[in-house]
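Asker: Sequence unavailable; structure follows:
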């Protein structure tokens with residue numbers, strides 16, 4: 001073969017683009033590219049994705065291996081991003097922060113004294129007439145007789161006098177209340193303690209209120225005169241009875257219209273929180289009403305401020321502004337769910353207020369108050385938008401409060417975050433690969449610290465798994481191998497050592513004390529399940545004991 005022929009052959013075998021500089025070639029890697037022309041369109045596909053696919057598979061497998069709760073069907077924890085909106089924050093600065101407030105307070109003090117006297121007179125007269133209207137009235141199932149309602153008209157005038165004493169000399173109204181037979185139910189945003197006083201004067205409705213309000217001085221008598229529908233927030237039976245009463249009283253014209261504050265608590269008026277469904281389940285037309293309190297120096301919302309301070313600051317204003325807007329009636333659609341009806345009504349109110357509606361609920365207020373009582377600097381960071389968590393994980397307010405108790409016992413820092421050492425101390429876990437995986441499961445940001453939002457979502461996700469309680473019962477059965485109905489320290493140790501082989505006797509003692517609530521050196525089934533309900537993350541300790549004993553490699557799916 002000639003030299004020229006060999007050069008041509010080598011040129012044909014050599015790549016078009018040679019590897020230079022940063023370019024490298026891999027002789028063992030095949031690269032197939034197919035370009036198919038169909039109907040004038042080119043379909044280009046690169047089959048050199050083997051390494052990418054393998055990397056994805058390895059990543060997924062590593063994620064599963066590091067997930068201590070994969071054995072009960074828990075996938076990777078996803079925590080919604082924290083909102084920057086605090087719907088309960090009152091923006092009124094302290095008096096000492098403003099020279100203007102000091103000067104105004106000194107000038108208004110004589111007027112405030114007169115207002116206080118007028119407030120006391122109106123309160124006393126209203127109380128007497130309310131007592132007279134209620135005297136001897138036993139039939140709470142039927143509407144209040146007309147003559148008693150006429151007596152209450154005096155109390156209603158007194159309520160307007162109270163508003164005047166608080167500085168609401170005039171109240172701007174927009175729109176008109178719809179007739180009772182068109183919209184038997186009225187819903188409103190709830191900003192201040194002033195709201196129900198105004199509505200009592202303006203509409204004299206039947207109000208839905210918490211049972212706790214019945215024991216309040218004067219307030220209890222007023223709401224009884226409004227033929228109140230009581231509800232216990234934490235009782236499903238009470239909520240069901242309240243819905244039935246709303247339906248009964250809204251169904252005819254014999255009773256006054258029904259007024260509800262579907263948020264269930266007061267906000268600062270700069271956002272709307274999630275609605276409870278009591279007003280929307282009956283399926284009657286609803287008139288939304290918007291209340292605003294325009295202000296410059298004094299935020300009148302009943303947020304994170306005491307009622308006494310709010311009232312005192314109210315007396316010390318020249319004038320307080322209040323606006324009430326009656327919106328068009330919202331009609332339910334056929335076969336529409338109560339949640340969709342509530343969503344449409346909420347959009348109407350939020351649009352009129354020009355605010356957003358968040359997923360906060362009354363439960364977040366309780367979390368906020370508990371965190372504040374625990375002297376947490378950033379108490380608002382402990383709100384988790386419970387309505388969203390409830391919808392996705394079906395967690396109750398009481399369960400969230402229990403989770404917060406556990407989290408607060410971990411001594412959060414000033415930022416509201418917990419270190420792994422405190423996390424393990426409270427759960428009585430040693431520092432080991434499994435405990436690191438448990439902490440890493442919650443620490444979705446890989447920050448080395450966890451927030452209550454992450455903790456709450458993680459614990460709820462584990463506890464609300466369909467297999468969780470079955471796993472807890474199975475774990476107890478595995479530990480109680482002799483069927484005595486209780487677990488000894490040695491039996492608990494044998495089961496836990498499958499997951500943590502290097503655990504010491506002292507560490508087992510600490511874990512056993514956590515389960516043994518009555519300190520009788522044995523753990524009954526109720527104690528065992530109660531401990532796991534309070535600390536659901538500990539179910540990971542029994543993963544190998546359960547899967548290895550009952551169902552082998554396929555996990556718990558087979559035992560259900």
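Answerer: Done, it's in. The shown structure was predicted, so the numbers you read here are calculated from the model rather than taken from an experiment.
Asker: contacts for stretch 212-231?
Answerer: When contacts are defined by C-beta atoms under 8 Å, 6 or more residues apart in numbering, stretch 212-231 is touched by residues 123, 126-127, 130-131, 133-134, 140, 143-144, 152, 155, 196, 200, 204-211, 238-239, 241-242, 245-246, 249, 255-256, 258, 278. Yep, even glycine has a C-beta here, placed from its N, CA and C like the rest.
Asker: I'd like to know which of these are buried.
Answerer: Listed as buried from the contacts of stretch 212-231 are 123, 126-127, 130, 133-134, 143-144, 152, 155, 196, 200, 204-210, 239, 242, 245-246, 249, 255-256, 258, 278; burial here means 16 or more other C-beta atoms under 10 Å.
Asker: And the helices in the stretch 101-250 of the chain?
Answerer: Remark: helices assigned in the stretch 101-250 of the chain by DSSP state H, counting those that start in this stretch are 146-165, 194-202, 219-225, 236-250.
Asker: of all those, which lies closest to residue 381?
Answerer: Taking C-beta to C-beta, helix 194-202 is the member of the helices of the stretch 101-250 of the chain nearest to residue 381, at 28.1 Å.
Asker: now the closest one against helix 146-165, angle please.
Answerer: Here the directions of helix 194-202 and helix 146-165 differ by 130 degrees (axes from the mean of the first three to the mean of the last three C-alpha atoms, to 10 degrees).
Asker: Quick check: buried residues in helix 194-202?
Answerer: 194-202.
Asker: on contacts alone, who are the packing partners of it?
Answerer: In terms of contacts (3 or more C-beta pairs under 8 Å, 6 or more residues apart in numbering; DSSP states H and E), helix 194-202 is packed against helix 146-165, strand 185-188, strand 206-210.
Asker: Mean pLDDT lowest where, among these?
Answerer: Note on these: lowest mean pLDDT is at strand 206-210, with a mean of 87.
Asker: So what are the sheet partners of it and their directions?
Answerer: The pairing partners recorded for strand 206-210 under DSSP bridges are strand 229-231 (parallel), strand 258-260 (parallel).
Asker: Only the buried residues of stretch 514-523, if you could.
Answerer: Buried residues in stretch 514-523, counted by 16+ other C-beta under 10 Å: 514-516, 522-523.
Asker: wait, stretch 133-151
Answerer: Here stretch 133-151 shows 133-134, 143-144, 148, 151 as buried, counting by 16+ other C-beta under 10 Å.
Asker: what's the answer for stretch 451-468, then?
Answerer: 451-465, 467-468.
Asker: Residue nearest the middle of the protein, spatially speaking?
Answerer: Nearest to the geometric centre of the chain sits residue 386, at 1.0 Å (C-alpha atoms, centre = their mean).
Asker: gap between it and residue 176?
Answerer: Distance, residue 386 to residue 176, using C-beta to C-beta, to the nearest Å: 36 Å.
Asker: need the least confident one among the strands paired with strand 206-210, by mean pLDDT.
Answerer: Lowest mean pLDDT of the strands paired with strand 206-210: strand 229-231, a mean of 87.
Asker: how does the chain divide into domains?
Answerer: Domains of the chain are assigned by automatic domain parsing as 95-353, 362-463, 466-559.
Asker: ok now do the residue lying closest to residue 265 once chain neighbours are set aside, which residues does it touch?
Answerer: Leaving aside its chain neighbours, residue 265 sits nearest to residue 362 (4.6 Å; criterion: C-beta to C-beta, 6 or more residues apart in numbering). Residue 362 makes contact with 233, 263-265, 397 under the criterion C-beta under 8 Å, 6+ apart.
Asker: any idea how far residue 362 lies from residue 190?
Answerer: 10 Å.
Asker: which neighbours do these two share?
Answerer: Common neighbours of residue 362 and residue 190 (C-beta under 8 Å, 6+ apart) are 263-265.
Asker: of the residues you listed, closest to residue 336?
Answerer: Distances from residue 336 to the shared contacts of residue 362 and residue 190, taken by C-beta to C-beta, are shortest for residue 263, at 20.9 Å.
Asker: Run a quick neighbour tally on residue 166.
Answerer: Residues near residue 166, counting by other C-beta atoms under 10 Å, number 22.
Asker: so it touches residue 319, yeah?
Answerer: No: using C-beta atoms under 8 Å, residue 166 is not in contact with residue 319; the gap is 10.2 Å.
Asker: now, among the buried residues of helix 194-202, which is nearest to residue 425?
Answerer: Residue 425 lies nearest to residue 195 out of the buried residues of helix 194-202, by C-beta to C-beta, at 45.6 Å.
Asker: out of everything not next to it in sequence, what's closest to the closest one?
Answerer: In space, residue 195 is closest to residue 291, 5.6 Å off (C-beta to C-beta, 6+ apart).
Asker: dump the residue contacts of the one you found.
Answerer: Residues near residue 291 by C-beta under 8 Å, 6+ apart: 188-192, 195, 198, 269, 322-324.
Asker: separation between it and residue 85?
Answerer: 19 Å.
Asker: Now do the strands in the stretch 351-500 of the chain.
Answerer: 418-419, 449-450, 486-487 (DSSP state E, counting those that start in this stretch).
Asker: give me the element the nearest residue to residue 142 once chain neighbours are set aside is part of.
Answerer: Distance criterion C-beta to C-beta, 6+ apart; nearest residue to residue 142, sequence neighbours excluded, is residue 254 at 7.6 Å. Using DSSP states H and E, residue 254 sits within no helix or strand.
Asker: And for residue 254, the neighbour number?
Answerer: 9.
Asker: Hmm, it is touching residue 143, no?
Answerer: Yes: using C-beta under 8 Å, residue 254 makes contact with residue 143 at a distance of 4.9 Å.
Asker: average pLDDT across stretch 456-474?
Answerer: 93.
Asker: do stretch 282-293 as well
Answerer: On average, stretch 282-293 scores 95.
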